[in-house]
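>>> Structure of the sequence below:
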Amino acid sequence: MTSIETTSPDPEGGWCLRLYVAGQNPRSLRAFQNLKALCETHLAGRYDIEIIDLLENPTLARGDQIVALPTLVRKLPEPVRKIIGDLSNTERVLVGLDLRARDDGTKPPA
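Residues are numbered from 1 along each chain as shown. Model prediction:
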């Protein structure tokens, strides 16, 4: 089953995020909770989260080349980015999504 959580993304600057999980195990639930909190803090009103349960439909993993779970895929803004894990390391997730500068001083795109 694929469930969708929508928070009215702005078509001009909206973020489309896809979270691949394996059922409702603690790691999958933690990943969703961490992602939701991060989005509410840093992308309020500008994001769309799609949850894809690969236990229900494993063929959906092919499109985004998913090899580990949970995996977050940033579809928009481009380029596509992937982050594997329960998203508990907020700093790593923010850098991975280009919401925060890297330690080397590289700025995220505007």
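>>> contacts, neighbours, all on C-alpha from now
Will do.
>>> Which residue would you name as the spatial centre of this structure?
residue 72 (3.7 Å; C-alpha atoms, centre = their mean).
>>> per-residue pLDDT, the closest residue to it other than its chain neighbours?
Nearest residue to residue 72, sequence neighbours excluded (C-alpha to C-alpha, 6 or more residues apart in numbering): residue 19, at 4.5 Å. You'll see residue 19 listed with a pLDDT of 98.
>>> CA atoms only for stretch 17-28 - export them in PDB, please.
Output in PDB follows, covering the C-alpha atoms of stretch 17-28 (Å, rounded to 0.1, in the frame of the first residue of the first chain):
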ATOM      1  CA  LEU A  17      10.000  13.600  -0.900                       C
ATOM      2  CA  ARG A  18       9.500   9.800  -1.100                       C
ATOM      3  CA  LEU A  19      10.100   7.600   1.900                       C
ATOM      4  CA  TYR A  20      10.600   3.900   1.200                       C
ATOM      5  CA  VAL A  21       9.900   1.600   4.200                       C
ATOM      6  CA  ALA A  22       9.300  -2.000   4.900                       C
ATOM      7  CA  GLY A  23       6.100  -2.200   6.900                       C
ATOM      8  CA  GLN A  24       5.400  -0.400  10.100                       C
ATOM      9  CA  ASN A  25       8.400  -1.600  12.100                       C
ATOM     10  CA  PRO A  26      10.100   0.700  14.600                       C
ATOM     11  CA  ARG A  27      12.800   1.800  12.200                       C
ATOM     12  CA  SER A  28      10.300   2.700   9.500                       C
END
